[in-house]
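Student: below are the sequence and a predicted model; questions follow.
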Amino acid sequence: MSPTEFEQLWQQVCERPVAPLDSPEFGAGGALDAGIAARGRLRKLERFGGAVFPVSPLYVTSVCKERCTYCNYRAGSTDPDLKRTRLSVAELEREVRFLVEERGLRAVELVYASDPLIRVDDICRHVELTARILARHGRPAVGLSAEPATVADYRRLRDAGLAFSVVWMETYDPLRYRELHPGRQIKTDFSWRLESYERMIEAGLDGIGYGVLSGLADWRRDWSMLAVHQRWLRRRYGRGPNILGIPRLRPAPGAPYVPGPNLPADGGFRSLVAWHNALFPEVMPFVSTREPFETCLQLAAGGGCLFTLNCSTVPGGYTFDHRGAQFRTGDYDALCFAPRLCAAGLKTDWAWKAATCYTVGV
Ligand code: SF4
């Protein structure tokens with residue numbers, strides 16, 4: 001998407017958010033929200049029959065050259081508990097084996113801060129290692145959350161066994177984006193991030209995740225822009241992202257930004273996810289442990305989502321005594337919480353496969 005095309009779409013959304021997000025009734029807890037919730041659940045049920053796909057994040061490094069004002073891992077973080085850690089290959093293997101062999105996970109998302117000493121070669125080796133361990137238990141589903149890459153690098157990662165890659169846009173508001181990402185590092189380049197979805201499509205990744213960090217900017221505009229972006233990509237490339245990140249801002253102890261009036265309240269947040277589900281039921285929300293477990297169950301209504309079980313946002317947080325989380329989360333241990341998913345009428349599909357789940361919608 002060229003800067004001119006983006007500017008036109010962004011101006012439209014600023015003038016009027018996509019309906020019904022433009023309504024003062026949206027998120028107010030009335031009939032509009034109830035109707036959206038019911039429709040989102042129904043459309044998910046029709047397509048996925050209540051199946052959810054468990055996944056765990058595995059942080060590989062907390063060393064970061066960026067200065068995102070809302071993140072505890074930012075360069076210059078003031079958190080006294082933060083101990084920067086970069087896992088060795090042996091440590092990474094121990095963490096993967098814990099999730100796979102002791103907790104039964106069959107999908108692992110490798111998460112990287114923008115570490116100046118980690119190159120794509122390293123990430124390829126990590127993906128191969130993780131895929132190898134997962135393959136002993138069936139089909140591997142290895143995901144990636146890292147700074148956007150080139151088409152060539154995404155192809156190398158795909159060839160190494162990467163099933164899905166997520167890049168959260170954080171916010172589509174270019175002025176807010178600039179304020180929140182000071183400095184001159186890679187993340188300050190709004191266009192490079194915006195165009196990463198096109199590069200992932202070109203590289204042929206099965207799973208592509210987009211999303212905004214709700215709480216950073218006007219959520220009516222940001223979520224409207226998600227729908228506009230999805231439709232634009234489908235028109236241009238015949239497919240769009242098939243994973244929807246739904247992180248909602250949590251306070252980070254070593255970062256200056258504090259969530260304010262832009263943070264959607266619980267009801268409005270649930271309605272945003274249900275609205276996106278109704279519009280694009282084939283796109284799977286990535287339900288995260290930033291939210292209380294009961295909220296996670298509500299967000300997963302009807303199924304068709306990635307559901308985080310076990311979560312540490314510390315490299316080495318599963319099997320080592322490392323401290324200093326990127327943000328506070330729940331840790332919904334798979335052994336205890338998977339039965340609660342079933343009790344809520346959801347079916348856990350442990351051995352999900354990226355290529356079949358990620359139906360390309362047009
Ligand atoms: S959000 Fe990511 S890139 Fe930004 S400071 Fe945190 S870890 Fe680094």
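Tutor: Done, it's in.
Student: which residues are in contact with stretch 20-28?
Tutor: 16, 31-33, 36, 220, 223-224, 264-265, 267-269, 271-272, 275 (C-beta atoms under 8 Å, 6 or more residues apart in numbering). Where C-beta positions appear, they are placed from N, C-alpha and C, glycine not excepted.
Student: so among those, which ones count as buried?
Tutor: Among these, those classed as buried by 16 or more other C-beta atoms under 10 Å are 32, 33, 36, 220, 223, 224, 264, 268, 269, 271, 272, 275.
Student: most widely separated two among the residues you listed?
Tutor: Greatest spatial distance in these: 33 and 224, 16.9 Å, computed using C-beta to C-beta.
Student: returning to that earlier point: out of the contacts of stretch 20-28, the closest to residue 6 would be?
Tutor: Here the nearest of the contacts of stretch 20-28 to residue 6, counting by C-beta to C-beta, is residue 224; it sits at 13.6 Å.
Student: who touches the closest residue to the ligand within the stretch 251-362 of the chain in this structure?
Tutor: Per C-beta to the nearest ligand atom, residue 326 is where the stretch 251-362 of the chain lies closest to the ligand, at 6.3 Å. By C-beta under 8 Å, 6+ apart, the contact set of residue 326 is 59, 62, 71, 72, 73, 113, 252, 313, 314.
Student: what do you get for residue 264?
Tutor: 27, 214, 215, 219, 248, 272.
Student: got a winner among these for most neighbours?
Tutor: With neighbours taken as other C-beta atoms under 10 Å, the top of those is residue 272, carrying 28 neighbours.
Student: and the longest strand for the protein?
Tutor: Secondary structure assigned by DSSP state E gives strand 51-61 as the longest strand of the chain.
Student: list the buried ones in the next helix or strand after it?
Tutor: Next along the chain after strand 51-61, taking DSSP states H and E as the criterion, comes helix 89-97. Within helix 89-97, the residues that count as buried by 16+ other C-beta under 10 Å are 91, 92, 93, 95, 96.
Student: what does stretch 32-49 give?
Tutor: Of all the residues in stretch 32-49, those buried under the rule 16+ other C-beta under 10 Å are 32, 33, 36, 37, 39, 40, 41, 43, 44, 45, 47, 48.
Student: rewinding a little: take the buried residues of helix 89-97 and write them to a markdown table, including pLDDT and distance to residue 156.
Tutor: Shown next, in a markdown table, are the buried residues of helix 89-97 (pLDDT from 0 to 100; distance: C-beta to C-beta, whole Å):
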| residue | pLDDT | distance to residue 156 |
| --- | --- | --- |
| 91 | 97 | 23 |
| 92 | 98 | 18 |
| 93 | 98 | 21 |
| 95 | 97 | 23 |
| 96 | 97 | 20 |
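Student: residues in contact with the most centrally placed residue in the chain?
Tutor: Compute the mean C-alpha point of the chain, and by C-alpha atoms, centre = their mean the closest residue is residue 245, 3.4 Å away. For residue 245, the contacting residues are 166, 168, 209, 210, 211, 212, 286, by C-beta under 8 Å, 6+ apart.
Student: next: residue 253.
Tutor: Contact partners of residue 253, counting by C-beta under 8 Å, 6+ apart, are 72, 78, 79, 81, 82.
Student: what about 10 Å?
Tutor: By C-beta atoms under 10 Å, 6 or more residues apart in numbering, residue 253 lies in contact with 72, 77, 78, 79, 80, 81, 82, 324, 325, 327, 328.
Student: same deal with residue 73?
Tutor: Neighbouring residues of residue 73 by C-beta under 10 Å, 6+ apart: 59, 61-64, 66, 79, 82, 84, 113-115, 252, 254-255, 313, 315, 324-327.
Student: surely residue 58 is in contact with residue 127?
Tutor: No. Using C-beta atoms under 10 Å, residue 58 is not in contact with residue 127, being 11.4 Å away.
Student: and for the two, which residues touch both?
Tutor: In terms of C-beta under 10 Å, 6+ apart, residue 58 and residue 127 are both contacted by the residues 108, 110, 142, 143.
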